[in-house]
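Participant: Need the 3D shape of this:
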Amino acid sequence: MSGNADIYHEMIVEYSRHPSNYGKIENPDISYHDSNPLCGDSIDIFMKVQDNKVTDIKFQGRGCAICMSCTSVLTELVKGKAIDDVKKIQKDEILGELGLQNLQAVRIKCALLSLKVLKYGLYTYLAGKLKDANADALKAEASALY
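Facilitator: Okay, here's the model as predicted:
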């Protein structure tokens, strides 16, 4: 490897060994779990929300280096953001942070598991507040991530 590839490789290794925001939040406003049974990745995301802003986010789980590093990056991107901004986070934003834009199809589920968990948890939380048919559309968006 050379140049940016070395930097991205080092970032992935560092995040997988020392993930950001790893842990559990007691009494979270949002919590959600999902896993990828094909590779064994398993993620739980916990969030605190106040005044339509994510005030804290943590995760627990296990997974490959790509899964853990993407989850760490996602939690860094989300903390402190307004709910409307969190809803707009796309897969390319996370993949780009780690130089994974050209990731092989078999690994994309590893990279995006945390985004799926985050969006399902967020949309489930919002659906409880909506009380209308938009909740199904929000969950469909989360399901279409990959």
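Participant: Only the buried residues of stretch 59-76, if you could.
Facilitator: 59-61, 63-64, 66-75 (16 or more other Cβ atoms under 10 Å). Every residue, glycine included, has its C-beta placed from N, CA and C.
Participant: Cys64: what's it in contact with?
Facilitator: By Cβ atoms under 8 Å, 6 or more residues apart in numbering, Cys64 lies in contact with Ser16, Cys39, Gly40, Asp41, Cys110.
Participant: quick one on the thing from earlier: wait, which of the buried residues of stretch 59-76 is closest to Asp34?
Facilitator: Gly61 (9.4 Å; Cβ to Cβ).
Participant: Next, the closest one: secondary structure please.
Facilitator: strand (DSSP: H, G, I helix; E, B strand; the rest coil).
Participant: correct me, but it touches Asp41?
Facilitator: Yes: the pair Gly61 / Asp41 is scored as a contact, 7.3 Å apart, by Cβ atoms under 8 Å.
Participant: quick one: which of the contacts of Cys64 has the most company?
Facilitator: Ranked by neighbour count (other Cβ atoms under 10 Å), those have Cys110 at the top, with 25 neighbours.
Participant: Buried residues, the helix or strand hosting that one. List them.
Facilitator: Using DSSP states H and E, Cys110 sits in helix 105-130. Of all the residues in helix 105-130, those buried under the rule 16+ other Cβ under 10 Å are 108-127.
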